[in-house]
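A.B. asks: Coordinates only, no sequence provided:
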């Protein structure tokens, strides 16, 4: 329904599709209607109980870094994909890995996320797919996200592939040092992942 409305250039197509999906989900019993507004959960169990010292123990530093990367790259991946479609990004730098968004699908928002994903994948047309290192990195980025259910995993595979393939192709100086840094951190993450 959303795709058909978008094809007809209907304003609000995603909102209309989301509302229609919500109504259908409630009618079919996939989602139980509990009202439009609810009180927030209680803060009592967690309020003022943050133990920053425990998070800085050597055994937890890697966990904190992994969570930082997950949050950072999931957010950046989605932001870049949406900003690209809105025309808010400057021209893509040569060799920059393609970022494609992804998310866990829930019954009511799945159609909207599918449409947003279709908007975001259009950015792939700006990747230089005639350049083997860029093409392989873009491909790994794109296919890893849905299989791993994570934007971060896709970006990690793309960074690592690009950081390995460009020097192997004799073009290592064309890669920004930050890409090598992040690729190295991702490799360390996988090396110590249990």
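C.D. replies: That came through fine. In this text, all values refer to a predicted model and were calculated from it rather than measured experimentally.

A.B. asks: going forward, measure contacts between C-alpha atoms and count neighbours the same way
C.D. replies: Noted.

A.B. asks: Give me the neighbour count for residue 172.
C.D. replies: Neighbour count of residue 172, defined by other Cα atoms under 10 Å: 16.

A.B. asks: roughly how far apart are it and residue 182?
C.D. replies: Separation of residue 172 from residue 182 (Cα to Cα, to the nearest Å) stands at 15 Å.

A.B. asks: What of residue 124?
C.D. replies: 21 Å.

A.B. asks: for this protein, what helix or strand is lowest in average pLDDT?
C.D. replies: Across the helices and strands of the chain, mean confidence by mean pLDDT, DSSP states H and E is lowest for helix 110-120: a mean of 65.

A.B. asks: Quick one: low-confidence residue ranges for the protein.
C.D. replies: Residue ranges of the chain with pLDDT under 70: 62, 85-117, 120, 194.

A.B. asks: Domain map for it?
C.D. replies: In terms of domains, the chain is parsed into 1-49, 51-192 (source: automatic domain parsing).

A.B. asks: Would you mind measuring the gap between the ends of the first one?
C.D. replies: Taking Cα to Cα, the span from the opening residue of domain 1-49 to its closing residue is 46 Å.

A.B. asks: if we can go back for a sec, list the buried residues of the next helix or strand after the least confident helix or strand of the chain.
C.D. replies: Tracing the chain past helix 110-120, the next element assigned as helix or strand by DSSP states H and E is helix 132-148. Of all the residues in helix 132-148, those buried under the rule 16 or more other Cα atoms under 10 Å are 133-142, 144-146.

A.B. asks: hmm, which two among those residues are most spread apart?
C.D. replies: Using Cα to Cα, the two most remote members of the buried residues of helix 132-148 are 133 and 146, lying 21.2 Å apart.

A.B. asks: thinking again about what came up before, let me know which of the domains of the chain is tucked in deepest.
C.D. replies: Greatest average neighbour count among those goes to domain 51-192 (a mean of 17), per mean count of other Cα atoms under 10 Å.

A.B. asks: Ends of it, what's the gap?
C.D. replies: This stretch, domain 51-192, spans 24 Å end to end (Cα to Cα).

A.B. asks: And stretch 52-60, by the same measure?
C.D. replies: This stretch, stretch 52-60, spans 11 Å end to end (Cα to Cα).

A.B. asks: ok, and what's touching that stretch?
C.D. replies: Identification of contacts with stretch 52-60 by Cα atoms under 8 Å, 6 or more residues apart in numbering yields 61, 64.

A.B. asks: chain center to it, what's the gap?
C.D. replies: Chain-centre distance of stretch 52-60: 27 Å, with Cα atoms, centre = their mean, to the nearest Å.
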